[in-house]
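K.L.:
sequence first, predicted model second:
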Amino acid sequence: MYYEGKIYRPWPEANSLLIQTTIGCTHNRCTFCDMFREKKFRIRELDDIFKDIEEARGISPRIESIFLIDGNVLALKTEFLVRILEKITTTLPECSKISLYAGLNDLRRKSVHELKELKAAGVTMAYTGLESGDSETLLRIKKGLTPRQAEEGMAKAKAAGIEVLISIIFGIGGRERSREHILKTTDLLNILQPEELAPMALAIQPGTELDREVRSGDFILSTPLQILEEEKYLLENLSGFTTYYWGDHGNNVVPMKGWLPDSREKFLANINKAISTNPICKEEVLRTFSW
């Protein structure tokens, strides 16, 4: 299989085969992210992608899940992406799950008709980073996304029947904007109603713009207690929809996963116990590892 540069996939896709369809990220300006810094965005040749899919068939007699990388795969032209999907479904007919990275703006820029084409061709889920529902925080981290644009993108995904996993970051608002960040993020999630939700605690990636802001004092990291209080507020106030909560990222203080609202009380009990008894809450900074 061909892979160029550092390769990333979401932790829920640990058992999926990765097919690299794009190199890098179309946006590549988020202050907290270094996933694709060394790559200039480009699209792989279709024949090369096809060769990887054919090679996958030779490697394993059964491949049930595929994840398309790198960043913003949905930025590809619809007809190009449909050809890749059709190659997968004809070469690997047992594959029942094809997911990909997509920005909410990528969803917004497609027509519902195009997204329905992709759904019919095999796309089952799009993974997209919201990070925050707070306009000021989104602007500061250079996400290139507004809450309104997020709503527009999600509405099109729902109209097309494509499920969406949204990731958010506890602590991305910093120590001073922790409350605003989690209130507005929770409010926006209640509008977006993603089928799956993946929250993770902020981890500073060495060499990023956010790393430099932390070192200069322009960005003050949230305390571990604030991180837990953000998660508590989120769990208490998500309402009106069912979602699978992937709260088991390695940087989270209390890793846990399961369906909401069914697991709400159990999750809150875990958070409250940590707030009351975990000595980490007395520390100034949450110790995390880079991706």
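P.N.:
Yep, that arrived. Residues are numbered from 1 along each chain as shown.

K.L.:
next, the buried residues of stretch 114-129.
P.N.:
Within stretch 114-129, the residues scored as buried using 16 or more other C-beta atoms under 10 Å are 114-119, 121-129. In short, each C-beta sits where N, CA and C put it, glycine included.

K.L.:
same deal with stretch 35-48?
P.N.:
When burial is assessed from 16+ other C-beta under 10 Å, stretch 35-48 yields the following buried residues: 35-36, 39, 41, 43-44.

K.L.:
same check on stretch 244-252?
P.N.:
Applying a neighbour-count criterion of 16+ other C-beta under 10 Å, the buried positions in stretch 244-252 are 244-249, 251-252.

K.L.:
got the residues you listed as a markdown table, with secondary structure columns?
P.N.:
Shown next, in a markdown table, are these (DSSP: H, G, I helix; E, B strand; the rest coil):
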| residue | secondary structure |
| --- | --- |
| Y244 | strand |
| Y245 | strand |
| W246 | strand |
| G247 | strand |
| D248 | coil |
| H249 | coil |
| N251 | coil |
| N252 | coil |
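
K.L.:
would you list these in CSV and tack on distance to I204 and pLDDT?
P.N.:
Listed next are the buried residues of stretch 244-252 as CSV, based on distance: C-beta to C-beta, whole Å; pLDDT from 0 to 100:
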residue, distance to I204, pLDDT
Y244, 28, 98
Y245, 24, 98
W246, 21, 97
G247, 20, 97
D248, 21, 96
H249, 15, 94
N251, 11, 94
N252, 15, 96
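
K.L.:
in TSV: these, plus distance to V82.
P.N.:
Conversion of the buried residues of stretch 244-252 to TSV gives the following (distance: C-beta to C-beta, whole Å):
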residue	distance to V82
Y244	27
Y245	32
W246	28
G247	34
D248	34
H249	32
N251	36
N252	37
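
K.L.:
nearest to V214 among those residues?
P.N.:
When these are compared for distance to V214 (C-beta to C-beta), N251 wins out at 15.4 Å.

K.L.:
pretty sure that closest one contacts P199?
P.N.:
No. The pair formed by N251 and P199 falls short of the contact definition of C-beta atoms under 8 Å, at 10.2 Å.

K.L.:
state the mean pLDDT of stretch 41-58.
P.N.:
When pLDDT is averaged over stretch 41-58, the result is 96.

K.L.:
okay then, goodbye and thanks.
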